[in-house]
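J.: Structure for this input, please:
(2 chains)
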Amino acid sequence: MKYLAQAAVAAGLAGALGVQPALAETAKIGFVTTLTTPAAVIGNDMKNAVDLAMEHLGSKAGDTDLEVIFADDGFAPETGKQATDKLVKQDDVDFVAGYIWSHVLLASRKSVLDAGKFLISANAGPSQMAGKLCDENFFSTSWQNDQTPMAMGEVLNQQGVKSLYIMAPNYAAGKDMVEGVERTYKGEIKGKDLTKWGADAQLDFSAELAKAKASGAEGIFVFYPGAAGGAFIKQYDQAGLSETLPLYSVFTVDAISLPKLQQADFKAVLGSRTTQEWDPTLDNEANKKFVADFKAKYGTYPSYYAAQSYDAIMLIASAIEAVGGDMSNKDGIRAAMKSADYESVRGKYTYGNNNFPIENFYLREVVTDADGTWTTKVVSTVYKDHQDSYAAECPLK
Amino acid sequence: MDVSLLIIQTLNGLQLGLLLFLVASGLTLVFGILDFVNLAHAALYMVGAFICATLTYALGNFIYAVIVSLPITAAVGFVVERFVARPLYARGHLDQVLATFGLILVFETLAHMIWGPAGIAVPLPPALDGQTLLPGAIEIPTFRLVIIGAGLAAAGGLFWLVNYTRLGMLIRAGASNRTMVGALGINIQLLFSLVFALGAALAGLAGMLIAPITEASIGMGNSIIITAFVVIIVGGIGSMKGAFIAALLIGLIDTLGRSFLDDLFGLFMSSDAAENAAPAVSAMLIYIIMAGVLAFRPQGLFPPKVR
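T.: Numbers count the residues shown, from 1 in each chain, chains lettered A, B, ... in the order given. Model (predicted):
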């Protein structure tokens, strides 16, 4: 009985504290990414960027202390949802950010949004969440999946590629990517393969590459993020396709795969082109500082995953600062995030009605930098202030 | 249908099948002779790939690296048998599954600590890195042919070892009646250690051969071990001949399914539906076959004579 009374007093005290927002001095951010399986190489890059953002902020947003709790999604929707549930219920975080994979984000969104918390995607941009499933408390610091391949489709048109073979993994984002390139590409599509994905993803593409070669297409479009990208490029190189079937990729050749490809000296990748909303060479102060400090701290170029994760933390910090650390002021936080009033490493952008960025997309080329490291540089701007195609389906204003 | 494409895909299927055989043969040896379920076989596959990747950079050549890595992987298998497997022979299969699953986690964490999470790409020497032109204007990556050759050589060596050598005779005798073999003065413990090490070396070889195609990465064994179990179930647990035929069968079915199923489906459904259904069905194909075998011939297609 005594304990019960004590518990009641404690609960009462906690309740009393809860209604005084000025005392909520720590804002908690849950960050869900992949920290096991071969895809952990992406998750580590994102975690590094988050750590760097916290270092740049001094772990503070204005006067409010920031705390980040990392969680592993194991590259599987069910594990990702469990990790998200734990962050929301047990750790009682204010924001849940991260998410590499569209199927993981789709599985986890309800846990966050139903609890009235804010959800920030630092990578995944499934079409559903840009359209019918959009939510006032969901923001993206990346893109909608279709946008990057749409930009690639435009590039293919400009370069006069008349026929195309398409390969992508068989999951939510893979389908979005295929849809994106098909939406803008005007030539003939000779064939298409969707391959098995997940923790036991298919990494041997012998059968698909033989089909692509036999199809007589003038180019091959692929989407293979993370470790699969390196595997694909090696096999593409070993099959001797670089002359007959030029490679056009999205999210495949990046700061994750390039160091390994350089170590093994796969020169076929030099000169290959991809589209992206960000690049380490983008000329703005925030980006210069981010890239220089990232390289100094971790010894590699940051990937776009890192850039988007850095932006996610900066966006959250800007919103917390705007409301003076009053975490109960949901409307204030929402409005501050919607204004995107922070120094994004991609430069200024705005939010559309569905809370996806309206931003530029660039064509990038793989080059050797002054130190001999393989990286990318911007060749041209494909889209200026581009909005995704699903915004109209979103009921938000 | 294009005949040369069919030939290329058949070769691709053969290559996948032989890789599967390398993994499945070790699994079926250890299960058939030692009556031990070894999930950690997947970890030995990964260990082989990582050791070979490291040595490729250290020695400067993939071929030397493979030659040096094989005995190292066998030694790892020997140690695992001595300290993990041996105390578990008397226990039930469930205990063995639990212990060897734990062993996978241990190996993966060790690999994470030693080599980091990123995985290692393995470069090939220039002679193996190109393409080979076969009769009929069929071009295929040279390294795929190397895998086929290495797989066939390993399979041949294994058949010779098991059927025509004294060691093979003892292995077969040990599988039939281990107490009797022990009573005849044969060191059965050492025999088991050797079998286990041999299985480890075979799994390691498969890992080494796949590393230049994909890469050495943590968790790489988890997908192939599942397929390898499908192979030994279809072939008949403990049967080397069954493992060989089933591995080729599964490799061919998987590859040809991925290649031609959408064309096949396109004959009787809309191209959109075929495009969506084909990847799903081709991913299921080998499990459908396993289910069929379990339903109609649960002992497998080629069960060993003595069990």
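J.: With adjacent residues omitted, what lies nearest to B:V97?
T.: B:V37 (5.4 Å; C-beta to C-beta, 6 or more residues apart in numbering or on different chains). From N, CA and C alone the C-beta is placed, and that goes for glycine too.
J.: from what I can see the one you found touches B:Q96, true?
T.: Yes. Counting by C-beta atoms under 8 Å, B:V37 touches B:Q96, with 4.6 Å between them.
J.: picking that back up, give me the pLDDT for the residue nearest to B:V97.
T.: What the model reports as pLDDT for B:V37 is 90.
J.: Can you name the helix or strand that it falls in?
T.: Here B:V37 is covered by no helix or strand, with elements defined by DSSP states H and E.
J.: Tell me how many other residues crowd it.
T.: 23 (other C-beta atoms under 10 Å in any protein chain shown).
J.: what's near enough to touch it?
T.: By C-beta atoms under 8 Å, 6 or more residues apart in numbering or on different chains, the contact set of B:V37 is B:F31, B:H93, B:Q96, B:V97, B:T100.
J.: How about the secondary structure of the fourth one?
T.: Reducing the assignment to helix, strand or coil with DSSP: H, G, I helix; E, B strand; the rest coil, the entry for B:V97 is helix.
J.: Count residues in the vicinity of it, would you?
T.: B:V97 has 14 neighbours, counted by other C-beta under 10 Å.
J.: That one and B:V293, how far apart?
T.: According to C-beta to C-beta, to the nearest Å, B:V97 and B:V293 sit 21 Å apart.
J.: so who does A:D200 touch?
T.: By C-beta under 8 Å, 6+ apart, A:D200 lies in contact with B:N222, B:S223, B:I226.
J.: Could you pull up the residues touching A:M167?
T.: With contact taken as C-beta under 8 Å, 6+ apart, A:M167 is in contact with A:192-195, A:205, A:208, A:212, A:220-224, A:232.
J.: show me which of those neighbour chain B.
T.: Here is what survives when the contacts of A:M167 are matched to chain B using C-beta under 8 Å from any C-beta of the partner chain: A:K192, A:D193, A:L194, A:T195, A:E208.
J.: out of these, which one sits closest to chain B?
T.: A:L194 (4.4 Å; C-beta to the nearest C-beta).
J.: can you list contacts of the helix or strand hosting that closest one?
T.: Using DSSP H and E, the element containing A:L194 is strand A:188-195. Contacting residues not belonging to strand A:188-195 are listed as A:162-170, A:174-175, A:178, A:182, A:201-202, A:205, A:208, A:211-212, A:215-217, B:258, B:275, B:279 [C-beta under 8 Å, 6+ apart].
J.: What residues of it count as buried?
T.: Neighbour-count burial for strand A:188-195, counted by 16 or more other C-beta atoms under 10 Å in any protein chain shown, picks out A:I189, A:K190, A:G191, A:K192, A:D193, A:L194, A:T195.
J.: Kindly report the same for stretch A:71-87.
T.: A:71-77, A:79-84, A:86-87.
J.: Repeat that for stretch A:144-163.
T.: Using 16+ other C-beta under 10 Å as the test for burial, stretch A:144-163 gives A:144-156, A:161.
J.: what does stretch A:236-252 give?
T.: A:236-242, A:245-252.
J.: Just the endpoints, please. Distance across it?
T.: Stretch A:236-252 has its terminal residues 13 Å apart, counting by C-alpha to C-alpha, to the nearest Å.
J.: Please apply the same query to stretch A:208-226.
T.: Terminal residues of stretch A:208-226 lie 19 Å apart, using C-alpha to C-alpha.
J.: sec struct for A:E243, please.
T.: Following three-state DSSP, the label given to A:E243 is coil.
J.: Which of the contacts of strand A:188-195 fall in strands?
T.: If you go by DSSP state E, the contacts of strand A:188-195 have A:S163, A:L164, A:Y165, A:I166, A:M167, A:A168, A:P169 in strands.
J.: thinking the fourth one is in contact with A:F221, fair?
T.: Yes. Contact criterion C-beta under 8 Å: A:I166 and A:F221 qualify, at 5.0 Å.
J.: And those two? Which one has more around it.
T.: A:F221 (27 against 24).
J.: residue contacts, residue 64?
T.: Using chain A. For A:T64, the contact set (C-beta under 8 Å, 6+ apart) comprises A:A24, A:E25, A:T26, A:A27, A:I320, A:E321, A:G324, A:G325.
J.: could you do chain B instead?
T.: B:L55.
J.: And A:G198, by the same measure?
T.: By C-beta under 8 Å, 6+ apart, the residues touching A:G198 are A:F75, A:A76, A:Y171.
J.: Quick one: classify it as helix, strand or coil.
T.: Reduced to three states by three-state DSSP, A:G198 is coil.
J.: Distance check, it against B:I104.
T.: A:G198 sits 18 Å away from B:I104, going by C-beta to C-beta.
J.: Same check on A:T244?
T.: From A:T244 across to B:I104, the span is 41 Å (C-beta to C-beta).
J.: do the same with A:S102
T.: Separation of A:S102 from B:I104 (C-beta to C-beta): 28 Å.
J.: what number of residues lie near the residue nearest to B:I233 when sequence neighbours are not counted?
T.: Leaving aside its sequence neighbours, B:I233 sits nearest to B:M290 (C-beta to C-beta, 6+ apart; 5.7 Å). Using other C-beta under 10 Å, B:M290 has 19 other residues around it.
J.: quick one: B:M290 from B:P298, how far?
T.: For B:M290, the distance to B:P298 - C-beta to C-beta - is 11 Å.
J.: got the CA coordinates for stretch B:264-276 in CSV?
T.: Extracted C-alpha coordinates of stretch B:264-276, given in CSV (Å, rounded to 0.1, in the frame of the first residue of the first chain):
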residue,chain,number,x,y,z
LEU,B,264,6.2,-18.1,-70.5
PHE,B,265,3.6,-16.3,-68.4
GLY,B,266,3.2,-13.7,-71.2
LEU,B,267,1.7,-16.5,-73.4
PHE,B,268,-1.4,-16.8,-71.3
MET,B,269,-1.8,-13.6,-69.3
SER,B,270,-1.4,-9.8,-70.0
SER,B,271,2.2,-8.6,-70.2
ASP,B,272,1.6,-6.4,-67.1
ALA,B,273,0.4,-9.3,-65.0
ALA,B,274,3.2,-11.5,-66.3
GLU,B,275,5.7,-8.9,-65.3
ASN,B,276,4.4,-8.8,-61.8
